[in-house]
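A.B. asks: pasting the sequence and the predicted coordinates here, then a few questions.
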There are 6 protein chains.
Amino acid sequence: MNRFNTYRDSFPNAHLTRSKTGVLEVVLHTDNDTLVFNGHTHEQFVDLFHAIGSDRDNRVVILTGAGNAFMETINPEGFDFFTPQGYDKIYREGRKVLMNILDIEVPMIAAVNGPVRLHSEYILLADIVLATPATVFQDKPHFEIGVASGDGVHLLWQEAIGTIRGRYFILTRQELDAQTVQAWGAVNEIVPANKLIERAREIGEALAKLPPLTSKYTRIAMTQKLRRIIDEGVTLGLALEGISAADIAPRTAT
Amino acid sequence: MNRFNTYRDSFPNAHLTRSKTGVLEVVLHTDNDTLVFNGHTHEQFVDLFHAIGSDRDNRVVILTGAGNAFMETINPEGFDFFTPQGYDKIYREGRKVLMNILDIEVPMIAAVNGPVRLHSEYILLADIVLATPATVFQDKPHFEIGVASGDGVHLLWQEAIGTIRGRYFILTRQELDAQTVQAWGAVNEIVPANKLIERAREIGEALAKLPPLTSKYTRIAMTQKLRRIIDEGVTLGLALEGISAADIAPRTAT
Amino acid sequence: MNRFNTYRDSFPNAHLTRSKTGVLEVVLHTDNDTLVFNGHTHEQFVDLFHAIGSDRDNRVVILTGAGNAFMETINPEGFDFFTPQGYDKIYREGRKVLMNILDIEVPMIAAVNGPVRLHSEYILLADIVLATPATVFQDKPHFEIGVASGDGVHLLWQEAIGTIRGRYFILTRQELDAQTVQAWGAVNEIVPANKLIERAREIGEALAKLPPLTSKYTRIAMTQKLRRIIDEGVTLGLALEGISAADIAPRTAT
Amino acid sequence: MNRFNTYRDSFPNAHLTRSKTGVLEVVLHTDNDTLVFNGHTHEQFVDLFHAIGSDRDNRVVILTGAGNAFMETINPEGFDFFTPQGYDKIYREGRKVLMNILDIEVPMIAAVNGPVRLHSEYILLADIVLATPATVFQDKPHFEIGVASGDGVHLLWQEAIGTIRGRYFILTRQELDAQTVQAWGAVNEIVPANKLIERAREIGEALAKLPPLTSKYTRIAMTQKLRRIIDEGVTLGLALEGISAADIAPRTAT
Amino acid sequence: MNRFNTYRDSFPNAHLTRSKTGVLEVVLHTDNDTLVFNGHTHEQFVDLFHAIGSDRDNRVVILTGAGNAFMETINPEGFDFFTPQGYDKIYREGRKVLMNILDIEVPMIAAVNGPVRLHSEYILLADIVLATPATVFQDKPHFEIGVASGDGVHLLWQEAIGTIRGRYFILTRQELDAQTVQAWGAVNEIVPANKLIERAREIGEALAKLPPLTSKYTRIAMTQKLRRIIDEGVTLGLALEGISAADIAPRTAT
Amino acid sequence: MNRFNTYRDSFPNAHLTRSKTGVLEVVLHTDNDTLVFNGHTHEQFVDLFHAIGSDRDNRVVILTGAGNAFMETINPEGFDFFTPQGYDKIYREGRKVLMNILDIEVPMIAAVNGPVRLHSEYILLADIVLATPATVFQDKPHFEIGVASGDGVHLLWQEAIGTIRGRYFILTRQELDAQTVQAWGAVNEIVPANKLIERAREIGEALAKLPPLTSKYTRIAMTQKLRRIIDEGVTLGLALEGISAADIAPRTAT
């Protein structure tokens, strides 16, 4: 359990706790309430998932949020979206954060504690998705800011709910409730908010009972296809998003 | 708006109109009624979609049909299906028409105005699919003529509704109504026939408000996977369809 | 019909009969009751599907089981799972059996006569899936034995019912009933047990009426993608499963 | 021969002549001397190769240049490289021109009449490469202008001469003479300048004697891999080149 | 050594002998002299390589020919090339024979005893290629007969000697001597004819000393890419070759 | 230059220095002489390349060795090769180290200061390869230890020097001198030992003069294909290597 101590308190926007059996809980938050995503968390989460994936004592990972939503708002602080060099930082981080989630080679459970209006692709890279009745999913900020949607949501939703549903979801900024997403295949269970983490732990502890290579190699074998989608599709998608951002820069600059 | 004038009246089987904001409506038709597909339209549509894709003033494309159906009947006129050299023309056109649809690099909305019994793959290459309550989908002519189904429907339906449903659909010549296809994910909205085009325009105009590179690059990023399915899968599928056609030629020839 | 005689009685765990039109029925069984899977059937089925695929007089293949289940139990007899050299035999057979099913280049109908708790990937490689009301699907033995799930179920269920549903199914050893699997897209029809084979024959005979290259090339064109999933994904998955088996060997050895 | 007349005189920078047997010669030029590449030729060549590929009477294509070089200099006229919307035009054309060369589905012979310092990827998409002793190859303008090299040379040279040689060639702006490139595999024959076109015709006429589907389908089958390299690799490469161009824009703007 | 006895004498055109250490020698022949390829050998070799690959006691395989050439002439006997149904048999066999070579999961050594003018792709699927000084390579019969070259040579030569060299080799029916092919990378050693088999055995016996899984898994890991080239590229290439054959049928029929 | 200070002295087996322009030199060593590879360096280099890739101030990376060889000997210290759980650590590190080299998104120059008998794949992931006259390349330890060769050399040598040469190189433990490897394409320049680093710096400083996104995006665009080879091919290759190691464990254990 030594390695855990080197990083457990390193991430201002993630509470980390781990059960004796190796079930790690990751609670994304801002000041103990729902995370406000900004340029600093974009950078921080690259390192967060890297640290988690590098620690072989993590046997199962539960990803959840604080407060009543998983992630709803984005704050421009710490982002330089509109210059190519500024965007280059986002480009690298955006690709790395997803590959680092896939490099967590143990089963992952997303316990979606409420609305997710950005970076819902984190959730679709988990193997098991639990959501509360009040959860809704949306790809909101891309078109609100005015940039192309290329960070992974544009591919993983197609993969999870089908190609026609997935593209409509992005293009119309559709808000999908948990029941619909469950009917469409991207939520496994809807659980009352006050039972959510408990249910995630129950599944997690069952998985932690498997021999370590067994659960790990099942995750690796099951997610190989997702690695290619991310490595190729997000490398392209974020590049295009970057050009679209450069294009609208004059309008947003003073 | 100059370029539009060079092709808007060039296609006897497609009415083209464009809103001020760049939402292009493409109505496939035969004498202002439902299209009767034949060898001439097969050739014409290659050029039609090429012209549309080459015009950067098209910001959104709506694809629809005339009369009470989108496409139901095929007429052998203009096709030479049963000699290798005759089929070679179909082979090239069949591959090009789909790549040309994908080369339309702006959001596409299919407004399916009624039954589609052939070339439903055009619709699945759109990003958004609206259908009327009376719409049904089927892959009818391949097995009716007696040739293999390899023109794209054999892959895109698997992609859109799942591998087992998609293969059953082709092999049993299943007729699927709009409600079922919506439940299975390949129709986004069912809209009364007399509201269909209006709803398509509403979505189209909303998309036309996005910065031009934003909507375009979202389409490119979202459809990269479909390009490979078409370029590889239809190149193979249509070759096999061609051999199957050559095989039954003696039976159909006088 | 000559070639059929060379193999029809060669497989102790498969009854083979063929209609005049070339619809082959394959009934997997142990002593005329539900198959008990073991190391000998693992080897035998490689040859079984190879023989079927090599006989050009087979025009359609129906795959079904005997008794009240399709496949529920596995018997360690004939398997050497826990030494690398023993596993190597399983490794080759496990990859070959699935490629040999795909090398059956005519339409395949799975008539699932009851519960399937292992090797349900055989069924998903068929083009049409019929099931009885009492059918349930599960990936049971991998985690029960304690090894990684890498033999094809880990990929084909994701392909058939979606990436999130498919991974949950494997990781939680979920039991899915026929109605649910139909709603999720991997069963086409639910048929009373006493009508099952009749319905499969009805579909099979309809397909047998197609010109032979037509049905064959449609199958080839529709399953090209599955070949890659199997050839690459099972080659990796079974290698990882093998390491996980080697790891738990000491615990299971006396 | 009718179709040829519709486009033979349409391209100010390409002389087109065709032998009775269907061997088309395409001489790229500026005022009958070596081509000066600019924004107008970038656009024109998209249409040029599209027209050639669409004409089924072209049985073999010879691509060559005028004067003492194939292509050496680039002129900024007609290019808007440094704004995202300007670059978007280059982006589409850059991808289309290469796919349009691959859509020429008959054998192509590059008769390289002298130095090639840009767009040498056109040549590597031909099936047969002849060069004069004075020919040299280089990727000069990308780094001279200061933008990333992503238009196809970055991948096709690796494909043609090896991954390590190909990357060195790009990064060091290496100039390779014809003898070296022949030794490395990307030139088939070195022919004196005054015999070059004669030798190309000799090969071309031999190929034109093959049955039309035979030569055509050999080209299609041999170049399928190149299509994927271009469609995926140039879509990414040019997007990245575009961001790099946007980045250096302020330095080049007044 | 039991299994070997079941097939060692089953192939009229292949002499099989095996050393005590498991080095299998396969000598292709016709009446103990150089093989004359025909429709019967096309079918026979599918089974030959399948039998070899299925026998786990084969530890290394040496493939060679009888007489002064490896394979030079093709005899139409047993082929029905010009009807779709006749071609369908060739289509299946042509794909299977190459996959069956790749399913030989132990190191393979080609000992090329003289000219190879057809099916040189067998040799390129070996891991080690030895040739005599008199060996030449050519793809002769495809264009001589008048059909497209799509059986694997069209892709494997590009893979082995480079994309430009490989396409020229096919299109010009180029004859390459052993020295050139060695310089270009597809022959490892040139060995006098009377030392050829001895040298192959020397290398084979060295490989047979490795632990069995070690040599086998190195072959599997090294050839995964070739499997995809064959499975996808030959499935397409042979389909196109088939259409080209159907096209020229009238000219060859009486 | 701040970030550099956080890791420059963190790696006992790598000296790191950086020029003012951002050209980083990485000298792998053991006590200032040629590196002795062992389990600790295997782990350390994962972090080393991760740190280098994460520092955006590195503009070019030169990789070289200390003493008269780049890497020749492997020491079992710190490796647990023969138990599945021990191997699992090697498995993860072996995959990560190569992806981390590819995640260095700036031009890389390998300055090969002498013999390389293991992990030569590090060098082939660089874009430019310089070698001394005394350099030789070999894949020595895999077969010496008795395990399959699956760590990347089995694929990257095929990519760099051709499929037949690459497989022979692995299977026969061939030693290739620098001149041969240059002739075959995987060494760009042979430089006297005492001029090696100087020449590397010269090339590096030229590259450092390019605008930062320009050189970086050229590297990303040029190496996308290598990412897939590594991510898929090494994930499989090392799994197979692991099973082969487990197999020979009893022979090496006391």
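C.D. replies: Good, I have the coordinates.
A.B. asks: closest point of chain A to chain E, which residue?
C.D. replies: The nearest approach of chain A to chain E comes at residue A:224, 12.8 Å away (C-beta to the nearest C-beta). Yep, even glycine has a C-beta here, placed from its N, CA and C like the rest.
A.B. asks: now the helices for the stretch 151-254 of chain A?
C.D. replies: Assigned by DSSP state H, counting those that start in this stretch, the helices in the stretch 151-254 of chain A fall at A:153-161, A:163-171, A:178-184, A:196-208, A:212-228, A:235-252.
A.B. asks: what comes into contact with the first one?
C.D. replies: Just to be clear, that refers to helix A:153-161. Contact partners of helix A:153-161, identified using C-beta atoms under 8 Å, 6 or more residues apart in numbering or on different chains, comprise A:119-121, A:124-125, A:139, A:142, A:165-167, A:169-170, A:181, A:184-186, A:226, A:229-230, A:233-234, A:237, B:185, B:218, B:221-222, B:225, C:162-164.
A.B. asks: pLDDT at the residue of chain A closest to chain E, what is it?
C.D. replies: Per-residue confidence (pLDDT) for residue A:224: 96.
A.B. asks: that one touches residue F:232, doesn't it?
C.D. replies: Yes. With contact defined as C-beta atoms under 8 Å, residue A:224 counts as touching residue F:232 (7.1 Å).
A.B. asks: give the intersection of the neighbour lists for those two.
C.D. replies: Joint contacts of residue A:224 and residue F:232 (C-beta under 8 Å, 6+ apart) are residue C:236.
A.B. asks: which of these two has more neighbours?
C.D. replies: A count of neighbours by other C-beta atoms under 10 Å in any protein chain shown puts residue A:224 above the other of residue A:224 and residue F:232, at 21 against 18.
A.B. asks: enumerate every residue touching that one.
C.D. replies: C:233, C:236, F:232, F:235 are the contacts of residue A:224 under C-beta under 8 Å, 6+ apart.
A.B. asks: and for the last one, the neighbour number?
C.D. replies: Burial of residue F:235, expressed as a neighbour count using other C-beta under 10 Å, amounts to 20.
A.B. asks: and the nearest residue to residue A:70 once chain neighbours are set aside, what are its bridge partners?
C.D. replies: Nearest residue to residue A:70, sequence neighbours excluded (C-beta to C-beta, 6 or more residues apart in numbering or on different chains): residue A:116, at 4.4 Å. Beta-bridge pairing for residue A:116 (DSSP bridges): residue A:71, residue A:137.
A.B. asks: burial of residue A:116, as a residue count?
C.D. replies: 26.
A.B. asks: can the host helix or strand of residue A:25 be said to contact chain C?
C.D. replies: Using DSSP states H and E, residue A:25 sits within strand A:23-28. No. Residues of strand A:23-28 contacting chain C under C-beta under 8 Å from any C-beta of the partner chain: none, with a closest distance of 13.6 Å.
A.B. asks: restrict that strand to CA atoms and write it as PDB.
C.D. replies: Only the C-alpha atoms of strand A:23-28 are listed here, as PDB (Å, rounded to 0.1, in the frame of the first residue of the first chain):
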ATOM      1  CA  VAL A  23     -11.100  -1.100  -4.600                       C
ATOM      2  CA  LEU A  24     -10.100   2.500  -5.200                       C
ATOM      3  CA  GLU A  25     -12.700   5.200  -5.100                       C
ATOM      4  CA  VAL A  26     -12.000   8.400  -7.100                       C
ATOM      5  CA  VAL A  27     -14.300  11.300  -6.300                       C
ATOM      6  CA  LEU A  28     -13.900  14.200  -8.700                       C
END
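A.B. asks: gap between the residue of the stretch 1-150 of chain A at minimum distance from chain B and chain C?
C.D. replies: In the stretch 1-150 of chain A, the residue that lies nearest chain B is residue A:148 (3.9 Å; C-beta to the nearest C-beta). Going from residue A:148 to chain C by C-beta to the nearest C-beta, to the nearest Å gives 23 Å.
A.B. asks: which residue is nearest the centroid of chain A?
C.D. replies: residue A:122 (1.8 Å; C-alpha atoms, centre = their mean).
A.B. asks: can you tell me which residues contact the residue of the stretch 51-200 of chain A found nearest chain D?
C.D. replies: Nearest residue of the stretch 51-200 of chain A to chain D (C-beta to the nearest C-beta) works out as residue A:84 at 3.5 Å. If you count contacts by C-beta under 8 Å, 6+ apart, residue A:84 has them with A:242, A:246, D:243-244, D:246-247, F:213.
A.B. asks: so which residues of the stretch 51-200 of chain A form strands?
C.D. replies: A:60-65, A:71-74, A:108-112, A:128-131, A:136-137, A:176-177, A:189-190 (DSSP state E, counting those that start in this stretch).
A.B. asks: which of the ones you listed is buried the deepest?
C.D. replies: strand A:108-112 (a mean of 28; mean count of other C-beta atoms under 10 Å in any protein chain shown).
A.B. asks: the helix or strand of chain A with the lowest mean pLDDT relative to helix D:235-252, how many degrees between them?
C.D. replies: Lowest mean confidence among the helices and strands of chain A (mean pLDDT, DSSP states H and E): helix A:235-252, at a mean of 88. With axes from the mean of the first three to the mean of the last three C-alpha atoms, to 10 degrees defining the directions, helix A:235-252 sits at 30 degrees from helix D:235-252.
A.B. asks: list the buried ones in helix A:235-252?
C.D. replies: Using 16 or more other C-beta atoms under 10 Å in any protein chain shown as the test for burial, helix A:235-252 gives A:235-249.
A.B. asks: what's the strand holding residue A:25 packed up against?
C.D. replies: Here strand A:23-28 touches strand A:14-18, helix A:39-54, strand A:60-65, helix A:196-208, going by 3 or more C-beta pairs under 8 Å, 6 or more residues apart in numbering or on different chains; DSSP states H and E.
A.B. asks: pLDDT wise, what is the residue nearest to the centre of chain A at?
C.D. replies: pLDDT, residue A:122: 98.
A.B. asks: got it, and residue A:58?
C.D. replies: We have a pLDDT of 98 for residue A:58.
A.B. asks: identify the bridge partners of the residue lying closest to it once chain neighbours are set aside.
C.D. replies: With sequence-adjacent residues excluded and distances taken as C-beta to C-beta, 6+ apart, residue A:58 is closest to residue A:24, at 4.7 Å. Beta bridges link residue A:24 to residue A:18, residue A:61, judged by DSSP bridges.
A.B. asks: ok, residue A:24 - contacts?
C.D. replies: A:16-18, A:52, A:58-62.
A.B. asks: from chain D, how far out is it?
C.D. replies: Distance from residue A:24 to chain D, by C-beta to the nearest C-beta: 35 Å.
A.B. asks: ok so, going back, in CSV, list the strands of the stretch 51-200 of chain A along with distance to residue E:208.
C.D. replies: CSV is the format used below for the strands of the stretch 51-200 of chain A (distance: least, C-beta to C-beta, whole Å):
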stretch, distance to residue E:208
strand A:60-65, 45
strand A:71-74, 59
strand A:108-112, 45
strand A:128-131, 48
strand A:136-137, 58
strand A:176-177, 60
strand A:189-190, 55
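A.B. asks: would you confirm that residue A:149 contacts residue B:218?
C.D. replies: Yes. Under the criterion of C-beta under 8 Å, residue A:149 makes contact with residue B:218 at 5.0 Å.
A.B. asks: where do the contact lists of the two overlap?
C.D. replies: Joint contacts of residue A:149 and residue B:218 (C-beta under 8 Å, 6+ apart) are A:142, A:170.
A.B. asks: the two: who's more crowded?
C.D. replies: Applying other C-beta under 10 Å to residue A:149 and residue B:218 shows that residue B:218 carries more neighbours, namely 31 against 27.
A.B. asks: OK, contacts around that one?
C.D. replies: Contacts for residue B:218 (C-beta under 8 Å, 6+ apart) come out as A:142, A:148-150, A:154, A:170-171, A:240, B:107.
A.B. asks: rerun that using 6 Å as the cut-off
C.D. replies: A:148-149 (C-beta atoms under 6 Å, 6 or more residues apart in numbering or on different chains).
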